[in-house]
Each structure stands twice: as structure tokens, then as C-alpha cells.
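Visitor: next come a sequence and a model predicted from it.
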Protein chains: 2
Amino acid sequence: MSFRYDIRLSGSGGQGLILMGIILAEAIGIYDGKFVSQTQSYGPEARGGSSKAEVVLSDTEIDYPKAMSLDLLLAMNQKSCDDYYMDLKNDGILIVDSTFVNQVPIQKAFRIPFTRIARENLKREMVANIVALGAIAKLTTIVTPKAIEAAVMARVPKGTEKLNRDALKAGMNAAMKAQKASVPQMLSERVDEDT
Amino acid sequence: MSFRYDIRLSGSGGQGLILMGIILAEAIGIYDGKFVSQTQSYGPEARGGSSKAEVVLSDTEIDYPKAMSLDLLLAMNQKSCDDYYMDLKNDGILIVDSTFVNQVPIQKAFRIPFTRIARENLKREMVANIVALGAIAKLTTIVTPKAIEAAVMARVPKGTEKLNRDALKAGMNAAMKAQKASVPQMLSERVDEDT
């Protein structure tokens, strides 16, 4: 069976999720050279202000580009976390923007305050999505840091390159911290399982 | 059976096709309130510089978001026209950017010089995609002019609103001319069929 990896990026309209999806897809498809599809769907409820973008990658051509069981869910607000965590696979990764997500329904999750980092460290809240991309590049193996940087640079407005490069790095650093913090938790889970 | 309408927007990377797809999908999904999915797919050939974005609309939830038989194909360069015209339905609509597409493989096609209009009338070649959106709004009934304008205004950079509104209008005007020019052709076809 061929390899397939399903990602959903979710949150509020205005958090830049569609641009995130495009950048992530272009990083994987153009710069890393894998097969990838990127989809957004709207229904009559789309006026409600929720937003999601999906990215599916594979080692062969993708016939069905809608995300199914999720390998990775990014939830940038509480509603999207509540709505979608059930779609995660058992070993799927949940990453939440802890600026807005207070209640995380599963234990194994990475809590990173993307929006607070963007607001306080970078002075531009709107790059929270790029901070999150940096974290995804660090917490998963689906995209190389080099590819994500090239894809970000190709899509962001001229004159904002430094800001966005800094945002990517801030996301990568925050992800490394979150990863270290999660090691004791993972270990204690293993102990629990053993007993 | 439920209504479904499949659109492919195609051309070169850098012609703004993905932004077009997003704007068209948001116009239909958010502002007109129908179901719509918007997808771009990349394979290892993505470095080649071709680009396509697909939009599928329906009156019910869309299970399969990849475009199948096309109701509408926009070809912004010769290669995409050559590669994709075979995917058109018999009664599908072909719209080409006649700035770059010289050879149109089927008779019933709308030839509009989107890039030349953008370059000469609007002094900004990069709005050729918005000119094309204006033409699509005029040549089809899939999106209302009001919705497409709202969606364009929500997505384009601040400070470029007037330019983009002018681009939309230029596209609508050019489409009306192309439509009038095609009437004799359509009539002669009908006469041919009758005889």
C-alpha cells in the first residue's frame, strides 16, 4: 500500500490557514518533490468564520484529495480543536495554538502559543501562521526546513522576508521546547502502560 | 442527481491561478452560499512551471473535490490549453488568454487577451487573473458579480482595491464584447447543424 499523510489546518477566518496550506503544499510538492494536494471546502455555513485547509501528501498520485483520518491536526482556536480532534488517527499528532486553545481533549498534544509568539516576539500577530509552519516543520518529518523556507519566501509579500524568516525560526524553536517538555509526559505514559 | 459544476484554471506559475481559485471559491462558497471545494495538486513535475487550480461547486456537499469532466476551462497559456481541452464536456466552455494562446483546438471558445488588457489598460500585468475572473463572472452563471467583487476585495492587498475593481470591470466588458462576437459564429453553427 502506498504512503499517505493527511493534514488539516483549522481555526478562524483571518488566521491565514489557506495561505498556510498553500505554502505547506508548495514546500512539499515543488521543493521536496512529492505528490501533494491542497483543498479548501466551503458550505453554506462558511459565513460562520471558521476556516480550514487540508493538505494530503503521498508517494504516488493522489486520487482522493480530501483529508480523511488525520495524521496531523493543527487547531488554531478552541472550536476547531473541539470539532476535529475526533478525526485524528490513534497515533496522529495534535498541535494547538495555546493562545486560544485552553482545553485540549487528548493527552498527547503539543501546546504552543503561536499567536502570542507572533504578537510579543515578532510584533506582528498576522505571522502566527508562519510561526505554526515552523513548528510543523520541526515536529514532523513531512517537510524539510529548507523547503518550507523556500516556499514561505516565494509566497509572502515583498519586504516581509525577514519578518517571515524570523517567524519560521521562532516556530521551530518553540517546537523544540515543546518537544522536550513532552518527553517526561511520554515516558510516564510508557510507564503507565507497562504497569 | 445533484448539480455539479467543474472548473479548471490553468496556465503558468506566476499567473496567479491559485489566488484566482481561492477568490472564485470564496465568492461562490462564502458570498453566494453554495457548496464549493477548491484544490491544487502538485507532483514531482511541479517544478516545470505549470500551474492549475480547480474549483468544484455543487448544491450538496462535495465528496470528490477533484475536477472531473470540465464545465469550464480557463487556459492562460498555450500548454495548458493543449494539455486540458480534451477534459472539457461537449457543452463545456473554453476561455483562453489570447495574449498567449494562438491555437485554439475547438471552435466554441472565448478568446480574450487578459494579459494584454492588464498590461495596456491597467498598467499592471499581474492583475490579468482578476481580469479573467471578471470575464468568468460575465460568461457563466456560476457566480454573481456582487459576490466576485466582495471576494476580490477581501483577498487583494490593501491599497490595490481600485486597481482590482477596475480589472474586474475590464474583464466583464471584454467578456461582453467576446460574447457578441461569438453570436454570428454560434448562429452559423446552428445553420450548419440544420442543413
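Guide: Alright, I've got the coordinates. Residues are numbered from 1 along each chain as shown, chains lettered A, B, ... in the order given.
Visitor: which residues of chain A fall in helices?
Guide: A:17-26, A:78-84, A:114-120, A:128-139, A:145-155, A:161-194 (DSSP state H).
Visitor: figure out how far the second one is from the centre of its chain.
Guide: The reference is to helix A:78-84. In terms of CA atoms, centre = their mean, to the nearest Å, the centre of helix A:78-84 is found 14 Å from the chain centre.
Visitor: check which residues of that helix are buried.
Guide: Using 16 or more other CB atoms under 10 Å in any protein chain shown as the burial criterion, the residues of helix A:78-84 that qualify are A:Gln78, A:Lys79, A:Ser80, A:Cys81, A:Tyr84. (C-beta placed from N, C-alpha, C; glycine too.)
Visitor: in chain A, what helix or strand scores lowest on average pLDDT?
Guide: Ranked by mean pLDDT, DSSP states H and E, the helix or strand of chain A with the weakest confidence is helix A:161-194, at a mean of 81.
Visitor: model confidence at A:Gln78, what's the number?
Guide: A:Gln78 is assigned 97 on the pLDDT scale.
Visitor: residues touching it, list them.
Guide: Contact analysis of A:Gln78 by CB atoms under 8 Å, 6 or more residues apart in numbering or on different chains lists A:Phe100, A:Val101, A:Asn102, A:Gln103.
Visitor: gap between the residue lying closest to the first one once chain neighbours are set aside and A:Gly13?
Guide: The shortest distance from A:Phe100 to any non-neighbouring residue, by CB to CB, 6 or more residues apart in numbering or on different chains, is to A:Asn77 (4.6 Å). A:Asn77 sits 10 Å away from A:Gly13, going by CB to CB, to the nearest Å.
Visitor: picking that back up, just the buried members of the contacts of A:Gln78?
Guide: By neighbour count, with 16+ other CB under 10 Å, the contacts of A:Gln78 hold A:Phe100, A:Val101 as buried.
Visitor: next, format the contacts of A:Gln78 as TSV and append pLDDT.
Guide: Shown next, in TSV, are those (pLDDT from 0 to 100):
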residue	pLDDT
A:Phe100	97
A:Val101	97
A:Asn102	96
A:Gln103	96
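Visitor: ok, so of the contacts of A:Gln78, who is nearest chain B?
Guide: A:Phe100 (21.9 Å; CB to the nearest CB).
Visitor: need the contact list for the most centrally placed residue in chain A.
Guide: Among the residues of chain A, the one closest to the centroid is A:Leu74, at 4.4 Å (CA atoms, centre = their mean). Residues in contact with A:Leu74 (CB under 8 Å, 6+ apart) are A:Ile7, A:Arg8, A:Leu9, A:Ser10, A:Gly11, A:Ile95, A:Val96, A:Asp97, A:Ala132, A:Ile136.
Visitor: quick one: the last one and A:Leu24 touch, right?
Guide: Yes - assessed by CB atoms under 8 Å, A:Ile136 is found in contact with A:Leu24 at 7.0 Å.
Visitor: overlap of the contact sets of those two?
Guide: What both A:Ile136 and A:Leu24 touch, as defined by CB under 8 Å, 6+ apart, is the set A:Val143, A:Ile148.
Visitor: more neighbours: which of these two?
Guide: Applying other CB atoms under 10 Å in any protein chain shown to A:Ile136 and A:Leu24 shows that A:Leu24 carries more neighbours, namely 29 against 25.
Visitor: can you pull the pLDDT of the nearest residue to that one once chain neighbours are set aside?
Guide: Spatial nearest neighbour of A:Leu24, chain neighbours left out: A:Val55 (5.2 Å); criterion: CB to CB, 6+ apart. We have a pLDDT of 98 for A:Val55.
Visitor: what's across from the residue nearest to the centre of chain A in the sheet?
Guide: On the basis of DSSP bridges, A:Leu74 is bridged to A:Leu9, A:Ile95.
Visitor: against chain B, how distant is it?
Guide: 19 Å (CB to the nearest CB, to the nearest Å).
Visitor: and the pLDDT for that residue?
Guide: A:Leu74 is given a pLDDT of 98.
Visitor: one more: A:Lys34?
Guide: Looking at A:Lys34, the pLDDT reads 91.
Visitor: swap in A:Phe3?
Guide: Looking at A:Phe3, its pLDDT is 90.
Visitor: roughly how far apart are it and A:Asp71?
Guide: 10 Å.
Visitor: please apply the same query to A:Ala128.
Guide: 22 Å.
Visitor: then A:Thr60?
Guide: Taking CB to CB, one finds A:Thr60 at 16 Å from A:Asp71.
Visitor: give me the more crowded residue out of the two.
Guide: In terms of neighbours (other CB under 10 Å), A:Asp71 is the more surrounded of A:Thr60 and A:Asp71; the figures are 20 against 11.
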